[in-house]
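In: whatever this is, show me its structure:
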Amino acid sequence: MKNTNKLSFLLLFLALLVTCWKIHAQGSSDVAPGGAGAAAVNPADYGGGNVSPPAGQPKAASPLATGPTGESILSNGDFAKATKNPQWPDEWPDANGEPVTRESEDGKYFLRFAAQSENQLVQLTRAVPLPQGVKGLEFYARFRTANVKFGKGFTNDARLVFRFDDANGQKLPSPGDVIFDSHAKDWTDVSRKFLVPEGAVSLKIIPGLNRPKSGVLDLQEIKLCVMPATEADAMIAEADAKVRAHELAVKRNEEMTGQIAGDLQLPPLTAELKVSGNKLVKAANGETVILQGVNVCSLEWSAKGEQVLLSIKVAIEEWKANAIRLPVYDGFWFGRGKGNVTANDAEAYRKIVDDAVKLAAAKGAYIILDLHLFHIPEQNAVEFWQDAAARYKNNPAVLFDMFNEPTGISWEQWRNGGDISVKQKDKKLPPLIVKSPGMQGILDAIRTTGAKNVVVAGGVGYAYDLGGLLEVGVLDDKGGNGVVYATHFYNWHGGWESHFLKVAEKYPVLVGEFGADVKKMSFIPANKQEDPYTWSPDALAMIQQYQLSWTAFCLHPKSTPRLINSWDYDPTPFWGQFVKDALAGKKFELQKLR
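Out: Residues are numbered from 1 along each chain as shown. So this is what the prediction gives:
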């Protein structure tokens, strides 16, 4: 290979070297996501798939719709040959007590992986020798799932793991896992292309169930073909270019990180904002301001954050954002930790937020401080804002996003709170009664601190729906600079007009989160998720046409929908590049409303 492959296939760590991911549900066509009543789903609170095992005669598989056309180097990938044991396919390792069986349907064979208890690992490992000199591989599989529910973590699902080994059996950089859609009740195809790291002599393919709560995975075929040399060479050339770009980005990051301490000493340049009609304006002269930027994530899950200040600097200086939505967590704010972390340094956490505010203000930009909680607003939200609002009281650079994504409540409860009945997981137990201050209660708590800062209020249905404001009325802002109403939508939501555009005619609207990713969200049916390459420009075009403020999700390489591939801050082509272009001033033409 060229340059003795100095990359060591670094790009296998950087988005898997131009990984190609294609999923096609058989017997269905692409549809616009969501629907008139669709509500956003938060994966952190999602219990898993809700697909029941196939009843009666399952749907027959259609002819192969995708996949490489060459000869597969993985023999008996359709599980048809069974000369040694009629119950088990030749050349596949014995199940050895694992709940894996060979089944047949409509003249085709498949392997069935069936979890018999929670947290059970059910998998097979097949080692495939690699032909000498192979540069790249094309992978294809046909599968379906039933009742796959997440286990204790988000990797506890149905998936296939790749592992490249060298001649000594040592692991080499390998492609990321193939995640099988938990809603794929019909036969579904998935394919991927990737390069082979130097020194690899075999590839282990490990399909199965990775300790989910429950589920069944059926695999009807797996193919592994040698990629044409010309295509592999093109990928290698692109990988070389990305390595060079990475080296430049590392140098850039070092230089920008070194500048941050000086930036924090600069005077603030941000103008105070207030609400006027359905617009945000500068309080001093009434000039309209449209906030445009990104979410900088990690402080909601990490007490130390991940590249927070550098991300803000890159977003403002290189991506031309004038607003940063900064999700935070109240437990970290008060030093109470989160999950297994029972305590943290509260002052160190607050200093990161303080520095984020100073950095943005020094550049004339805004921080939308987001209390990143879900479901029903409770007293802890009041506790947080009494403290945080006093800290950033009347700081022109800070807007207060009171509660990330309310859901599971009526509009009356959203506004005024009260005693709210919540069902428990154990249906035998009586419902819990949650006392909620409502969004009005949180707003009142903020204003009692003397803070006039503009406040952001997300709607119901994981903040997607603002339509109820036209019925129950908006919040009563006593003596403040006004309220902006936030919607969050993704590439499976429809009904934009009824859910937030009608409201935007009367009140200021911020699109606090939106985006699309080529990696399908496993908690949403795949055919409900629109192609990012058609959805992304239309979403931005709609926002531009209606002059909404917006912060795209998310400037973090592991928080989907991803704006960046890596900490090089190279934009993802399916989402990040569209956002970066919009921030730079590009205007998109709206094809259709969703």
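In: how deep is S276 tucked in, by neighbour count?
Out: Look at S276: counted by other C-beta atoms under 10 Å, it has 15 neighbours. (Glycine included, C-beta is placed from N, CA and C.)
In: would you list the phi and psi of it?
Out: When read as degrees, to the nearest 10, the backbone of S276 gives phi -140, psi 110.
In: what do you get for V472?
Out: The phi/psi pair for V472 (degrees, to the nearest 10) is phi -90, psi -10.
In: now do the contacts for the closest residue to it other than its chain neighbours.
Out: Spatial nearest neighbour of V472, chain neighbours left out: W411 (4.5 Å); criterion: C-beta to C-beta, 6 or more residues apart in numbering. Neighbouring residues of W411 by C-beta atoms under 8 Å, 6 or more residues apart in numbering: V460, G468, L469, E471, V472.
In: and the nearest residue to A271 once chain neighbours are set aside, what does it touch?
Out: Distances taken as C-beta to C-beta, 6+ apart put K282 closest to A271, at 4.7 Å, once the chain neighbours are dropped. If a contact means C-beta under 8 Å, 6+ apart, then K282 has A271, E272, L273, K274, V289 as its contacts.
In: would you turn these into CSV with secondary structure and distance to I367?
Out: Compiled in CSV, these are given as follows (DSSP: H, G, I helix; E, B strand; the rest coil; distance: C-beta to C-beta, whole Å):
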residue, secondary structure, distance to I367
A271, coil, 14
E272, coil, 14
L273, strand, 12
K274, strand, 17
V289, strand, 14
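In: drop anything exposed from the residues you listed.
Out: Among these, the ones that count as buried by 16 or more other C-beta atoms under 10 Å are A271, E272, L273, K274, V289.
In: from P532, how far out is the closest residue in space to E91 that isn't next to it in sequence?
Out: The spatial neighbour of E91 that comes closest, neighbours along the chain excluded (C-beta to C-beta, 6+ apart), is N76 at 4.8 Å. Taking C-beta to C-beta, to the nearest Å as the measure, N76 falls 36 Å from P532.
In: which one's more surrounded, these two?
Out: Just comparing N76 and P532: by other C-beta under 10 Å the higher neighbour count belongs to P532, 21 against 16.
In: re earlier: what's the closest of the contacts of W411 to N491?
Out: V460 (20.3 Å; C-beta to C-beta).
In: bridged to that closest one, which residues?
Out: D465 (DSSP bridges).
In: same question, F514
Out: Here F514, judged by DSSP bridges, has bridge partners F489.
In: now do the helices in the stretch 401-550 of the chain.
Out: Secondary structure of the stretch 401-550 of the chain (DSSP state H, counting those that start in this stretch): helices at 411-416, 438-448, 469-472, 496, 502-504, 532-545.
In: and the second one, what does it pack against?
Out: Applying 3 or more C-beta pairs under 8 Å, 6 or more residues apart in numbering; DSSP states H and E, one finds that helix 438-448 contacts helix 379-391, helix 411-416, strand 455-458.
In: just the buried ones among the contacts of W411, please.
Out: For the contacts of W411, buried by 16+ other C-beta under 10 Å: V460, G468, L469.
In: tell me the one of those nearest K393?
Out: Of the buried ones among the contacts of W411, the one sitting nearest to K393 (C-beta to C-beta) turns out to be L469, at 26.6 Å.
In: I'd guessed that closest one sits against V503; true?
Out: Yes. In terms of C-beta atoms under 8 Å, L469 counts as a neighbour of V503; the distance is 5.4 Å.
In: hey, what's in contact with both of these two?
Out: Y485.
In: returning to that earlier point: phi and psi next, for the residue nearest to A271.
Out: K282 has phi and psi values of phi -70, psi 130 when expressed as degrees, to the nearest 10.
In: can I get the contacts of W411 in CSV with distance to L369?
Out: Output for the contacts of W411, formatted as CSV (distance: C-beta to C-beta, whole Å):
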residue, distance to L369
V460, 21
G468, 25
L469, 22
E471, 29
V472, 26
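In: what's the most distant pair in those?
Out: Every pair of the contacts of W411 checked by C-beta to C-beta; the farthest is V460 and E471, at 11.8 Å.
In: what about T155, how many neighbours?
Out: 14.
In: dump the residue contacts of it.
Out: Contacts of T155 by C-beta under 8 Å, 6+ apart are D177, N210.
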